[in-house]
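*Asks:* Sharing a model that was predicted from the sequence below.
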Amino acid sequence: MPLRFPLRILRFLRAVTHPLYWWYEQKLVNEVSGGRIPQHIGVILDGNRRFARGIGLDARKGHEFGVEKVHELLEWCLELGIANVTLFVFSAENFARTPDEVEYLFKLFVRESRKLIEHPRIQKHKVRVKVIGRRADLPEAVVSATETLENSTADHDGMLLNIAFGYGGREEIVDGVKKLLQEAETQHRSPAEIAAGLTAAQISGYLYTAGTPDPDFIIRTSGELRLSGFLLWQAAYSEYYFCDALWPGFRRIDFLRAIRSYQGRERRFGS
């Protein structure tokens, strides 16, 4: 009995505020639609476990909610015509989590990668999917799912969706430099020759994101104010937006507010 009155009030408030929410969302859509749209947006999906704990569920269940939010985000990005999206899903540091959770995340990735192949939005909008990270550190089932997903969308010419899985920004730079040196060795070039001609653009060409423009805008949820190694090289001149909402609770209005914030900034690229 004690809970019935608060629940009735909560339902009433939801019914009353829904039209206001819808009106505000449409207002934001109108404001954002006529402005400058990022060419490449990066999103650090943080707060899944805290979200689940907050509603009394096992922390792992938060990742399920997080997956559903990814589908919503893709729809929002497609609506605005954003050409490149990079999602930070599983970091190199996440391998240090409990074996049960890591195994759970691997299985979740395999399951969801299969669903993405047949996802109506992926097919309709010809979204090309690429997985970036150290594949040598991933189990065979994850690598196989990754290759199947990439191959199934390789001919798509719409949005590019990068999924950063087993990813670390420092590791990416190290791997890129290694590839550059290995290629130079096959060309019988000396270290002095390599050093003399080395440029930032050349290193960029050996990173996981080679061929993709650097991110204009990076969003991080959960209120944390750090990059956690996300696109360290590429994000040198990105604009940042930190949102207090936990990832599964990230709403369309939060996304639109972020884009509006981006549109209100003057990008100086260090000048």
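*Replies:* All right, it came through fine.
*Asks:* ok, the residue nearest the centre of the chain to H188 distance?
*Replies:* By CA atoms, centre = their mean, the mean C-alpha position of the chain lies nearest to L87, the distance being 1.2 Å. In this view, L87 and H188 are 40 Å apart by CB to CB, to the nearest Å. For glycine as for every other residue, the C-beta is placed from the backbone atoms N, C-alpha and C.
*Asks:* T86 belongs to a helix, doesn't it?
*Replies:* No. Per DSSP: H, G, I helix; E, B strand; the rest coil, T86 lies outside any helix segment and is strand.
*Asks:* and it, what does it touch?
*Replies:* 40-43, 132, 161-164, 209, 212, 215, 231 (CB atoms under 8 Å, 6 or more residues apart in numbering).
*Asks:* Which parts of the chain are strands?
*Replies:* In order along the chain, the chain carries the following strands (DSSP state E): 40-44, 84-91, 128-132, 160-167, 217-220, 239-242.
*Asks:* Just name the most buried of those strands.
*Replies:* Across these, averaging neighbours per residue (mean count of other CB atoms under 10 Å) puts strand 40-44 on top, at a mean of 26.
*Asks:* Describe which strands that strand pairs with in its sheet and in which direction.
*Replies:* strand 84-91 (parallel), strand 217-220 (parallel) (DSSP bridges).
*Asks:* could I get those strands as JSON lines with mean pLDDT?
*Replies:* Formatted as JSON lines, these follow (pLDDT from 0 to 100):
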{"stretch": "strand 84-91", "mean pLDDT": "98"}
{"stretch": "strand 217-220", "mean pLDDT": "98"}
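*Asks:* what is the closest residue to I41 other than its chain neighbours paired to in the beta sheet?
*Replies:* Leaving aside its sequence neighbours, I41 sits nearest to F217 (CB to CB, 6 or more residues apart in numbering; 5.0 Å). Per DSSP bridges, residues listed as beta-bridge partners of F217: I41, E239.
*Asks:* centre of the chain versus stretch 101-116, how much separation?
*Replies:* 16 Å (CA atoms, centre = their mean, to the nearest Å).
*Asks:* One more: stretch 148-155?
*Replies:* 19 Å.
*Asks:* list the buried ones in that stretch?
*Replies:* Along stretch 148-155, these residues count as buried under the neighbour rule (16 or more other CB atoms under 10 Å): L149, S152, T153.
*Asks:* got the contact list for the closest residue to the first one other than its chain neighbours?
*Replies:* Residue nearest to L149 in three dimensions, not counting chain neighbours: S113, with 4.5 Å by CB to CB, 6+ apart. When contacts are counted by CB under 8 Å, 6+ apart, S113 touches A145, T146, T148, L149.
*Asks:* Quick check: the gap between S113 and V131.
*Replies:* Distance from S113 to V131, by CB to CB: 8 Å.
*Asks:* Give the residues shared as contacts by these two.
*Replies:* Joint contacts of S113 and V131 (CB under 8 Å, 6+ apart) are T146, L149.
*Asks:* Tell me which of the strands of the chain sits nearest to E183.
*Replies:* strand 128-132 (19.3 Å; CB to CB).
*Asks:* so what does that closest one touch, helix or strand wise?
*Replies:* helix 140-153, strand 160-167 (3 or more CB pairs under 8 Å, 6 or more residues apart in numbering; DSSP states H and E).
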